[in-house]
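Trainee: Output the structure for:
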Amino acid sequence: SCSPYGENKLRWWGLGPDNLLMHEKYIFVYQDVRGRYKSEGSFEEMTPAKDVKKTKRDTDESSDTFDTIEWLLKNIKNNNGRVGIYGISYPGFYASASLPDAHPAIKAVSPQAPVTDEFIGDDAYHNGAFFLLDNFDFTNYFQGERIDSGSNYKQAFENQHKDAYSFFKTMEPLTNTNGSMYFNNKAKIWNEYLEHNTYDDYWKARNIRPHLKNIKPAVLVIGGWFDAEDMFGALRTYEAIEQQTPGNNNRIVMGPWTHGAWSAPEWAHFGTHNFGQDLNAFYKEQIESKFFNFYLKNKGTFDLSEATVFETGSNQWTQYNTWPPVNAKPMKFYLQADGKISNQASSGFDEYISDPAKPIPYTNGVFEERNNEYV
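Mentor: Numbering: from 1, shown residues only. I've put the predicted structure just below:
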């Protein structure tokens, strides 16, 4: 959402990806996606990319971005003719979608935790396993009723529980989510999720990776190792550009972040991990702001290596000329008796009874939402 709407309104967290760039006096533009909030039209989940557009009605996120930039350049005063785009999560997909047949004014794009292939690795199905908890809560809001002339949404239904594990276990099977108390078959996207439970044409058409060819803008992909939603998207977006655009200007940054945590005021620890420094200060000062300043203003330098990765344990940023590193070697690990793990095979074993009617929770606490600190 672009809220708060109206002239001279400022989001409470400021403008742009970080305050450093806000103080650089950029012109920031936010636009609601087609069919959401105050935007006209009909929303479509991960609008499929169309490499060949035969008529003006053949639109996708790439063409919408192109048209928006064309309009802005002609109607917004004091621009220097250069455009940068960033986005986290779903907006990360829109950043990626700006790259195919990019408007020539686009010089720097940063897809951050970008939704990329929702069935294989991102958000919806995670290699075929439905991401129930997150999708249920997200769609409840996302498919709700528009209110306040489109400024906000009302949830599709009231959903109050303190124990998410017990709530979903009691509600099974999955078709019960369309009961009268819940989506009631009125949520278009939820129905599509349940209908397309294999990697069929619906999902394949929404995979942006095959379209990331001949990319011309500089690209900075950001991802988090503790991101339960779109770690796949960051790694595979970078990979797709590398494989399909020879000689690209494409870099990746991976840190011990949860989903979008690099945008937080600080990030010095997570769970039991203490990183010994504020990773976000380094990221914003030495990476993100320098990236946009260099390509949009010719300010300073940007000589970051191909891959910048924070190593937990040693607590240091490491630079690599390739990703994965050329000296990386796969290693096999084996489960051992007494809950141990080793890189040596063993004949020891543990055994237990698996009862599908009594599945083991993924966490050792009681939570109403997903617990990021997995056990």
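
Trainee: Find the helix or strand that residue 223 is a member of.
Mentor: Element membership for residue 223, per DSSP states H and E: strand 218-224.

Trainee: which other helices and strands contact that strand?
Mentor: Applying 3 or more CB pairs under 8 Å, 6 or more residues apart in numbering; DSSP states H and E, one finds that strand 218-224 contacts strand 106-112, helix 231-244, strand 250-255, helix 289-297. For every residue, glycine as well, the C-beta is placed using N, CA and C.

Trainee: Now do the strands in the stretch 1-150 of the chain.
Mentor: 83-88, 106-112, 145-147 (DSSP state E, counting those that start in this stretch).

Trainee: got the contact list for residue 149?
Mentor: Counting by CB atoms under 8 Å, 6 or more residues apart in numbering, residue 149 touches residue 38.

Trainee: Could you rerun that using 10 Å?
Mentor: 5, 37-38 (CB atoms under 10 Å, 6 or more residues apart in numbering).

Trainee: Among these, find the lowest-pLDDT one for me.
Mentor: Within the contacts of residue 149, the minimum per-residue pLDDT falls on residue 5 (81).

Trainee: From residue 285, how far out is that one?
Mentor: Distance, residue 5 to residue 285, by CB to CB, to the nearest Å: 32 Å.

Trainee: okay, these two: which has more neighbours?
Mentor: A side-by-side neighbour count of residue 5 and residue 285, using other CB atoms under 10 Å, places residue 5 first with 15 against 12.

Trainee: For that one, which non-adjacent residue is spatially closest?
Mentor: Leaving out its chain neighbours, the residue that sits closest to residue 5 by CB to CB, 6 or more residues apart in numbering is residue 151, at 6.1 Å.

Trainee: And the pLDDT at the residue sitting nearest the centre point of the chain?
Mentor: By CA atoms, centre = their mean, the chain has its centre lying nearest to residue 89, at 2.5 Å. pLDDT for residue 89: 96.

Trainee: How about it, nearest residue that isn't a chain neighbour?
Mentor: residue 113 (5.3 Å).

Trainee: Can you get me a residue count around residue 314?
Mentor: For residue 314, using other CB under 10 Å, the count is 9.

Trainee: mind starting the numbering at 13 from now?
Mentor: Renumbered: residue one is now 13, and that last one reads residue 326.

Trainee: ok, now which ones touch it?
Mentor: Per CB under 10 Å, 6+ apart, neighbours of residue 326: residue 288.

Trainee: Remind me which helix or strand it belongs to.
Mentor: Residue-wise, residue 326 maps onto no helix or strand under DSSP H and E.

Trainee: which residues touch residue 124?
Mentor: Here residue 124 is in contact with 29, 98-101, 103-104, 107, 232-236, 242, 245-246, 249, 265, 269, 271-272, 274-275, 300 (CB under 10 Å, 6+ apart).

Trainee: switch the cut-off to 6 Å
Mentor: Counting by CB atoms under 6 Å, 6 or more residues apart in numbering, residue 124 makes contact with 100, 104, 234.

Trainee: Which of the residues you listed has the largest number of neighbours?
Mentor: residue 234 (30 neighbours).

Trainee: what about residue 293, which SS state?
Mentor: Here residue 293 is recorded as helix under DSSP: H, G, I helix; E, B strand; the rest coil.

Trainee: Give me the neighbour count for it.
Mentor: 14.

Trainee: What sits closest to it if chain neighbours are left out?
Mentor: Using CB to CB, 6+ apart, the closest residue to residue 293 is residue 278 (6.9 Å).

Trainee: ok, now residue 220?
Mentor: residue 108 (5.2 Å).

Trainee: What separation do you get for residue 71 and residue 53?
Mentor: When residue 71 is compared with residue 53 (using CB to CB), they lie 9 Å apart.

Trainee: of those two, who's got more company?
Mentor: residue 71 (16 against 11).

Trainee: So for the more buried one, what's the pLDDT?
Mentor: Residue 71 is given a pLDDT of 89.

Trainee: again with residue 387
Mentor: 50.

Trainee: What of residue 25?
Mentor: 68.

Trainee: thinking again about what came up before, relative to residue 377, which of the strands of the stretch 13-162 of the chain is closest?
Mentor: Proximity to residue 377 (CB to CB) singles out strand 95-100 among these, at 26.8 Å.

Trainee: for that closest one, packing partners?
Mentor: helix 102-109, strand 118-124 (3 or more CB pairs under 6 Å, 6 or more residues apart in numbering; DSSP states H and E).

Trainee: Paired strands for the last one, with orientation please.
Mentor: Put plainly, it is strand 118-124. strand 95-100 (parallel), strand 230-236 (parallel) (DSSP bridges).
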